[in-house]
Every structure is written in structure tokens, then in C-alpha cells.
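>>> sequence below, structure please.
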Amino acid sequence: MLDRFTSAKPMIATRHWRSSAIAMCAAMVTLAASPAEAAKQTRRAQAAEATAPREAGEPIMAIVSIKSQQVTLYDADGWILRAPVSTGVKERETPAGVFAIVQKNKDHRSNMYDDASMPNMQRITWNGLALHGGPLPGYAASHGCVRMPFGFAEKLFEKTRLGMRVIISPEDAAPVDFSHPSLSLFTPNAEVIAAAPAKAETLSREAADAATAADEAKKTAAATARESAPLAASLRKLERAKARADADLASAGKAVANAKTDQSRAKAEERQQKAAAKAAELETQFNTAKADASSKLDAASAAKEAAKTAQTKKAYAAKAALDAKLALEPVSIYISRATRRIYVRRNTHKPAPDGGGVVFDATIEAPVTIRDPGKPIGTHVFTAMARNDAGLRWSAVTIESRDDAKNALDRITIPKEILDRIAATALPRSSIVVSDEPLSEETNYRTEFVAVLSDQPQGGFITRKPSEVLMADDNSYRQEGDGFGIFFQRNPNPPPGSPRRGSYQPYPSMQRSWW
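Down below sits the predicted model:
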């Protein structure tokens, strides 16, 4: 059954015999034509730009068909824009998979291919894949990017936002209306959502206050530690002197006991008396100094503990503020059969520290239960297109159908603790991606998800230098009290990278090409 998103007409079961004859003749001519003539015929068959005959909403996703060399944009009610594209040539193929826009630059120039102009560039990976304006010869001709008509790229640039879903499919694909019990778990709670902005503001203030208190406690602890340091040093000095005096007294006592003559005993007793006096004097000095320093040392110890408590409170307040802020954002979920884990991303709108894009929160990650984990599940993208009476209206896009979309969700159990954190505030544009693939190594704190189909050519992806990003625990990014510093830390167990095809051997030289 066709749906609101599919624009293709139903196929006709029978055709006039002349239509078949004409098609057969055209095929024979194509087979007999020279490569140049075949390319011209391909260009003539190139898809034309099209705009839906209705008022368009904000784009929610773009689907690129490598087979048809076409990109289609969808809003909540169906397709809105369509245009021809040019994807990667052989050995520089555009990878099929699931991406999102991570950076936009209207006047970008290639840093890989002779400073080539890439107008209205919308990046989908940090190692160099993007959608941008470029020449379209009518067939795949890029180094891995998706070239679009110049005017279309400019028009699209003004309509998209960071984080918009980009799906690159090896075949033609389109969203279809979809419902499933697992998706119905993501039901927005109107009261929670209505209260979210005020809650985020309140918790942000509390986080800022906690951060200020923690800083003050840290300063107080440092000051009392500096004040008590001389006292502690003095006490250690007196304690060592007392220990030496006690040792001398013990030695003198042994000398008295071992004396063989009256003269030697007299000398030993005199030494013992002096040692006893010295030990008693140092005992008095040590006890007096200890009593005098006790209050200051106790104050320093108390300040140190107070600083620890304040830091803990600051961390909890920052986490609560972060969760409250992120509740205002659409949530993206990736479930990988390869790793049997669930990953959650939300846009923080915080500028990335190394000069490009924004930071995506990645604090939620957990094991996930998948029934029959040894059986392929396919790659499916479920997107909340809009609100409806039941909560959210969903669509499904399948780009690898090793199992159908319904069966894929049937096999997955999302952990309750994750649902408790995100389900009640799920918004339109939220998505769930289910795939056999692990997350690509190009997934980092500046991306939503990057997942490529490992059974499809990836030449334009794997031949690029891996992206380099500032490590997440770099202190240059931390902003105390903003509610986001808590998540910006190194992941000790990063997700395994997507398996990469090893059959590709790069050409010794490449002609200058648009990226």
C-alpha cells in the first residue's frame, strides 16, 4: 500500500505490445552504443529537480539513492524537494549508511582536492564526506561526496539544520507510515514537556550555584591548608626531636645498667638525667604545639571534606541540569546488533572546542537485549515525523532488508532505565536506528551517528584520513557550571569501529575532481 511519503505511481500490470517493443529496441541501442553515447543516454535519463505542489515544512530527512542518483527531502507530510545528484566513482564510492548533518559552510573549499570550491557544503562526516553544489554529468563522478545542482544546494542550505538525518541508500528508499508497540513507548508527557523549560532554567541556576559553592569550598580548603602547613611542619619537627630525645634516654638507661665501675655508672647516670630532662622538655613542647595547632588542623581537614562534598553536589547538579536541557531536544537512538548496545545522542548546541560543529551528548549507553542475536536484522531508520492523538506519528525507512522493520523491533528490548530517562520527552524529529552494523570510527562527540553498510562499496570513505578531534577530557572545553562539562570526558570503552573493506587499493594518481 502506498503512503503519504511515496510519490511513485502503482505499476501497471500489462502494457501495450508497442511499449515493450520500444523498450526492447532502446535497450538494444544502448548495448550497441559506444561508451560516450551510453553516457549521453544516461545523462538524458537523469532525474529532474522537482518541488512538491504544496507548502513545505522544515526538512526532517534527506534520502540519497545511489542507484537512481537522486536526493529526496521529506518534511512531516511527505516529500518536498527532489533533485539529481552525482555520488562517488568506482573506488571512491559514496558509502551507504546513516548520517546526520554535522557542519554547514556556505563557501567551503576542499582541503583535499586542489582547494576546489564546494558551495553550500553540508558535512556528514568529519573525514570529509558532504553534500554540496557541484557539476552533474549525469552519473557517479565525485570522490565520495554527494554533488547536487548548484541552485538546489543553495536552496537546501537555507532550509536544513545541524543534526538533520541523511540516509544514503544503495537502492531506492522512501519513508512509510509505521507503528509498533515499541515506538508507542515513546509517548510525550504533555505536563513534563510543558514544565521542561522552567525546570531546565531552575536546575541550570542550581548547577551554577553549586559550581560557585564548590569553587569557594575549594579556595577555603586551599587557604586553610596553606595556613596549617607550617604548623604541621613544626609538629613533625618537634615529633622527630622528641623521638631522638627518647632514643637518647633509652640509650642512657642501657649505659647505666651495663656500667661496670662506679665511675662509669656515675657518668651514665648524669647522661641519663640530662636525657630525661631533654625528653621531658620536648614532650611538653610537642604537646603544647599540638594543642595549639589542633583547631587549625581540624579546620583544614573539615575544609577539605567540605570541598569534596561540594564537588559531589556540583556534579549531581550539573547532571540534573544537563538532563533537563537535553529533554528539550529530539533524541536519537542507535541500536547495534554487532555490539549489542544502545547509544543515545542529543544535540547540546554547544560549539565544539576544535572549531567546527557542535557537541552531541553521549552520556547514555548501555547493553541491549536482541532476540536471536546471531541472525541479521537489517538497517532501519524509524523517525517521529509529528505529534498525533496517540503521541507521535512514526515513519520507517529500510536500506538493508535482512529482516523487515517490524521483526527488527520485535526482537529488541530497550532497557527500562533508558526509557525512563528519555521516553516521556520524546519529540518530533526523534529517531531510532536499528542496524547490524557497529558505529563507525567516525562517530565522535561532534557527530550524532555515523554507520556505514559494510557489504556495500566504501571507497570514498575508507580512503580518507580518519578525522582528528580534540579528546573529550581536554580542559580547554570545560565550562564550569554550564551543565555540560559532566559529559565531556574520555570514554574508556569507545564503541568498536565499523569493519572496513580491505580490497581497495588506491590509484597511484587521481585527476583533479570535485570532492
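
>>> use CA for all of it now, contacts and neighbours both
OK.

>>> contacts only, for the closest residue in space to residue 171 that isn't next to it in sequence.
Here the nearest residue to residue 171 in space, its sequence neighbours aside, is residue 67; by Cα to Cα, 6 or more residues apart in numbering that works out to 5.2 Å. Each residue near residue 67 by Cα atoms under 8 Å, 6 or more residues apart in numbering is listed here: 170, 171, 172.

>>> how close does residue 67 get to residue 79?
The spacing between residue 67 and residue 79, counted by Cα to Cα, to the nearest Å, is 18 Å.

>>> for the residue nearest to residue 171, which three-state class applies?
When states are read from DSSP: H, G, I helix; E, B strand; the rest coil, the local structure at residue 67 comes out as coil.

>>> next SSE after the host helix or strand of residue 202?
Assigned by DSSP states H and E, residue 202 belongs to helix 190-258. Remark: after helix 190-258, the chain's next helix or strand is helix 262-326, criterion DSSP H and E.

>>> specify the angle between that following helix and helix 190-258 in degrees.
170 degrees (axes from the mean of the first three to the mean of the last three Cα atoms, to 10 degrees).

>>> list the helices and strands the helix or strand following helix 262-326 packs on?
Past helix 262-326, heading to the C-terminal end, the next element that is a helix or strand (DSSP H and E) is strand 332-336. In this structure, strand 332-336 makes packing contacts with strand 341-351, strand 431-435, judged by 3 or more Cα pairs under 8 Å, 6 or more residues apart in numbering; DSSP states H and E.

>>> mind putting these into JSON lines with mean pLDDT?
Output for the helices and strands packed on strand 332-336, formatted as JSON lines (pLDDT from 0 to 100):
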{"stretch": "strand 341-351", "mean pLDDT": "94"}
{"stretch": "strand 431-435", "mean pLDDT": "97"}
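
>>> and among those, the most buried is which?
Using mean count of other Cα atoms under 10 Å, the stretch among the helices and strands packed on strand 332-336 with the largest mean neighbour count is strand 431-435, at a mean of 24.

>>> sheet partners, orientation included, of it?
Each strand paired with strand 431-435, and its direction, by DSSP bridges: strand 332-336 (parallel), strand 379-388 (antiparallel).

>>> including distance to residue 414, mean neighbour count and mean pLDDT, could those strands go into JSON lines?
Conversion of the strands paired with strand 431-435 to JSON lines gives the following (distance: least, Cα to Cα, whole Å; neighbours: other Cα atoms under 10 Å; pLDDT from 0 to 100):
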{"stretch": "strand 332-336", "distance to residue 414": "9", "mean neighbour count": "23", "mean pLDDT": "97"}
{"stretch": "strand 379-388", "distance to residue 414": "14", "mean neighbour count": "22", "mean pLDDT": "96"}
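
>>> quick one, helices of the stretch 401-515 of the chain?
Per DSSP state H, counting those that start in this stretch, the stretch 401-515 of the chain carries helices over the ranges 405-410, 416-422, 459-462.

>>> what's the most buried one of these?
For the helices of the stretch 401-515 of the chain, where neighbours mean mean count of other Cα under 10 Å, the stretch averaging the most is helix 459-462, with a mean of 24.

>>> which residues touch it?
Contacts of helix 459-462 with the rest of the structure, by Cα under 8 Å, 6+ apart, involve 88, 90-95, 127, 129, 143-145, 500-501, 504.

>>> got the CA positions of it in CSV?
Extracted in CSV, the C-alpha atoms of helix 459-462 (Å, rounded to 0.1, in the frame of the first residue of the first chain):
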residue,chain,number,x,y,z
GLY,A,459,36.0,3.6,-1.4
GLY,A,460,35.1,7.3,-0.9
PHE,A,461,35.0,6.7,2.9
ILE,A,462,37.8,4.4,3.8
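
>>> from the chain's centroid, how far away is that helix?
Averaged C-alpha coordinates place helix 459-462 at 21 Å from its chain's average position (Cα atoms, centre = their mean, to the nearest Å).

>>> re earlier: adding distance to residue 265, write the helices and strands packed on strand 332-336 out as JSON lines.
Listed next are these as JSON lines, based on distance: least, Cα to Cα, whole Å:
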{"stretch": "strand 341-351", "distance to residue 265": "83"}
{"stretch": "strand 431-435", "distance to residue 265": "93"}
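
>>> what residue is smack in the middle of this protein?
Nearest to the mean C-alpha position of the chain, counting by Cα atoms, centre = their mean, stands residue 445 at 3.8 Å.

>>> ok, residue 430 to residue 331 distance?
As defined by Cα to Cα, residue 430 lies at a distance of 5 Å from residue 331.

>>> what do these two both touch?
Overlap between the contact sets of residue 430 and residue 331, as judged by Cα under 8 Å, 6+ apart, is nil.

>>> now the stretch 351-500 of the chain, which segments are flagged as low pLDDT?
355, 469-500 (pLDDT under 70).

>>> please enumerate the strands of it.
Assigned by DSSP state E, counting those that start in this stretch, the stretch 351-500 of the chain shows strands spanning 358-361, 365-367, 369-370, 379-388, 391-400, 412-413, 431-435, 451-452.

>>> okay, these in TSV with distance to residue 280 next?
Output for these, formatted as TSV (distance: least, Cα to Cα, whole Å):
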stretch	distance to residue 280
strand 358-361	65
strand 365-367	65
strand 369-370	73
strand 379-388	83
strand 391-400	83
strand 412-413	75
strand 431-435	78
strand 451-452	77
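
>>> ok so, going back, by pLDDT, give me the weakest of the contacts of helix 459-462.
The member of the contacts of helix 459-462 with the lowest pLDDT is residue 504, and it reads 26.

>>> now do residue 412 against residue 291, distance only.
Computed with Cα to Cα, the distance linking residue 412 and residue 291 is 66 Å.
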